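K.L.:
Fold the stuff below for me.
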Amino acid sequence: MGTPLHVRGRGLPDGEPVEWWIAEGVLSAEPVAGAETVFDGGWILPGLVDAHCHVGLGAHGPVELDEAAAQAETERDAGALLLRDAGSPTDTRSFDDRADLPRIIRAGRHLARPKRYTRGFAAELDDPWELPDAVAEQARWGDGWVKLVGDWIDRDTGDLAPLWSDDVLVAAIDAAHANGARVTAHVFSEDALPGLITAGIDCIEHGTGLTEDTIDLMVEHGTALVPTLINIENFPGIAEGAHRYPAYQKHMRALYETCSARIGAAHEAGVPIFAGTDAGSAVAHGRIAEEVDALKGIGMSPTDALGAACWNAREWLRRPGLSHGAPADLVCHTEDPRSGAAVLSDPALVILRGVVY
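P.N.:
Predicted coordinates for the structure are as follows:
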């Protein structure tokens with residue numbers, strides 16, 4: 001794979017000096033003869049993680065593979081080298097054969113009820129009791145995750161409401177776990193959370209409806225949270241466009257106004273929080289640095305906020321960080337990457353599978 005590489009700087013979270021050699025796409029803590037020093041004197045991190053994005057999804061549903069590849073390239077150039085694709089109608093598994101694209105952990109397709117999610121995004125189930133089998137199918141198809149739509153607007157009531165009964169959720173989440181997959185769910189409102197958490201769901205996406213009781217449930221069950229804070233900024237616009245549903249409008253505005261306090265309370269209580277942008281429909285790709293800044297705004301320290309998009313997220317997703325023998329996926333910064341999105345979003349060097357970008 002060409003000339004071995006050498007990088008030297010400081011690591012995080014401890015800030016201690018680090019030095020790595022790269023040969024055949026793999027990290028070595030031991031010197032490699034003939035290595036070329038490509039970075040010396042800055043900060044060296046594992047590749048960033050966007051734990052909630054959608055490669056292959058656009059504003060109106062599936063996109064062509066060339067557009068999906070461009071989305072992934074944008075993430076790579078921003079230093080996001082590990083993506084948890086939280087539901088996409090486009091089959092991007094062929095990207096695994098492309099060494100120039102980030103590694104993707106796929107959750108398969110969103111699973112929803114008819115007319116209870118954005119048109120074209122989800123696999124829609126006529127009978128709610130189809131969910132356990134559908135979950136098992138997506139678990140076998142994907143990369144260790146399954147994505148449910150936990151709530152969405154119910155046009156009969158004119159407000160957000162759960163899609164699934166508690167007994168269906170227990171059977172579905174058990175089916176996913178039996179097939180070696182973890183489960184996450186899109187949830188905006190309050191009402192869907194207790195059933196999902198007590199059924200054993202592994203993660204909640206958005207979580208704008210968290211309450212003291214459901215935060216306590218998440219702590220008890222070890223449920224993770226990916227709040228997608230930069231996407232929550234779209235709530236006022238979503239509400240503005242829903243003129244036919246005044247109750248929904250009011251609810252979405254209230255969720256927006258209380259989001260920071262609710263997510264901050266979850267962090268304070270010890271809920272594991274990870275960074276995800278929700279890129280792919282209403283959010284552009286390549287914005288993970290802005291999500292890290294937003295996590296600081298709910299009370300996370302600069303180091304913890306960055307860890308939520310880096311070393312801690314990799315551990316949660318069961319993917320390696322920087323260690324001897326690990327894949328050489330890393331980003332290098334001349335300035336402290338904890339200092340803000342302007343620095344974090346502009347790495348001096350991106351190395352993916354041992355290749356410099």
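
K.L.:
Partner strands of the top strand by length along the chain, with direction?
P.N.:
Longest strand of the chain, by residue count under DSSP state E: strand 36-46. Using DSSP bridges, the strands paired with strand 36-46 are strand 5-10 (parallel), strand 330-333 (antiparallel).

K.L.:
looking at those, which is buried most?
P.N.:
Comparing the strands paired with strand 36-46 by mean neighbour count (mean count of other CB atoms under 10 Å), strand 330-333 comes out on top with a mean of 24. Every C-beta, even on glycine, is put in place using the N, C-alpha and C of the backbone.

K.L.:
what does the model give residue 1 for pLDDT?
P.N.:
pLDDT recorded at residue 1 is 56.

K.L.:
any idea how far residue 317 is from residue 344?
P.N.:
19 Å (CB to CB, to the nearest Å).

K.L.:
Quick check on those two: which one has the bigger neighbour count.
P.N.:
Higher neighbour count among residue 317 and residue 344: residue 344, with 29 against 19, using other CB atoms under 10 Å.

K.L.:
Now do the same for the nearest residue to that one once chain neighbours are set aside: helix, strand or coil?
P.N.:
Once flanking residues are discounted, residue 344 sits nearest to residue 289: 3.8 Å by CB to CB, 6 or more residues apart in numbering. Here residue 289 is recorded as helix under DSSP: H, G, I helix; E, B strand; the rest coil.

K.L.:
My read is that residue 289 contacts residue 341, right?
P.N.:
Yes - taking contacts as CB atoms under 8 Å, residue 289 lies within contact range of residue 341: 4.0 Å.

K.L.:
okay, these two: which has more neighbours?
P.N.:
residue 289 (25 against 17).

K.L.:
I'd like to know how far that one sits from residue 85.
P.N.:
19 Å.

K.L.:
Does the closest residue to residue 243 other than its chain neighbours lie in a helix or a strand, and which?
P.N.:
Excluding its sequence neighbours, the residue lying closest to residue 243 (CB to CB, 6+ apart) is residue 249, at 7.6 Å. Per DSSP states H and E, residue 249 falls inside helix 246-269.

K.L.:
What residues of that helix count as buried?
P.N.:
For helix 246-269, the neighbour count (16 or more other CB atoms under 10 Å) marks 248-249, 251-252, 255-256, 259-260, 262-267 as buried.

K.L.:
Take the residues you listed and write them to a markdown table, including pLDDT and distance to residue 298.
P.N.:
Formatted as a markdown table, the buried residues of helix 246-269 follow (pLDDT from 0 to 100; distance: CB to CB, whole Å):
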| residue | pLDDT | distance to residue 298 |
| --- | --- | --- |
| 248 | 98 | 25 |
| 249 | 98 | 24 |
| 251 | 98 | 21 |
| 252 | 98 | 19 |
| 255 | 98 | 14 |
| 256 | 98 | 14 |
| 259 | 98 | 8 |
| 260 | 97 | 5 |
| 262 | 98 | 9 |
| 263 | 98 | 5 |
| 264 | 98 | 4 |
| 265 | 98 | 9 |
| 266 | 98 | 8 |
| 267 | 98 | 6 |
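
K.L.:
out of those residues, who's nearest residue 39?
P.N.:
Proximity of those to residue 39 (CB to CB) peaks at residue 267, which lies at 32.7 Å.

K.L.:
That closest one and residue 298 touch, don't they?
P.N.:
Yes - taking contacts as CB under 8 Å, residue 267 lies within contact range of residue 298: 5.9 Å.

K.L.:
Between the two, which contacts overlap?
P.N.:
Counting by CB atoms under 8 Å, 6 or more residues apart in numbering, residue 267 and residue 298 have no common neighbour.

K.L.:
The stretch 251-357 of the chain: helices as residue ranges?
P.N.:
For the stretch 251-357 of the chain, the helices defined by DSSP state H, counting those that start in this stretch occupy 288-297, 302-307, 311-316, 341-344.

K.L.:
Contacts for the last one next, please.
P.N.:
In this structure, residues lying in contact with helix 341-344 by CB under 8 Å, 6+ apart are 48, 79, 288-290, 292-293, 306, 333, 335-338.

K.L.:
just the buried members of those residues?
P.N.:
Buried members of the contacts of helix 341-344, counted by 16+ other CB under 10 Å: 48, 79, 288, 289, 290, 292, 293, 306, 333, 336, 337, 338.

K.L.:
Distance check, the spatially most central residue of the chain against residue 331.
P.N.:
The C-alpha lying nearest the average C-alpha coordinate of the chain belongs to residue 51 (CA atoms, centre = their mean; 1.7 Å). Noted for residue 51: a distance of 16 Å to residue 331, by CB to CB.

K.L.:
Walk me through the domains of the protein.
P.N.:
Per the record, the chain has its domains at 5-45+321-356, 47-317, by the TED database.

K.L.:
okay, and the helix or strand of the chain with the least pLDDT?
P.N.:
Every helix and strand of the chain was ranked by mean pLDDT, DSSP states H and E. The lowest is strand 61-62, at a mean of 90.

K.L.:
Which pLDDT does the model give the closest residue to residue 246 other than its chain neighbours?
P.N.:
Leaving out its chain neighbours, the residue that sits closest to residue 246 by CB to CB, 6+ apart is residue 158, at 7.2 Å. Residue 158 is assigned a pLDDT of 97 by the prediction.

K.L.:
Run through the residues that contact residue 158.
P.N.:
For residue 158, the contacting residues are 244, 245, 246, 247, 248, by CB under 8 Å, 6+ apart.
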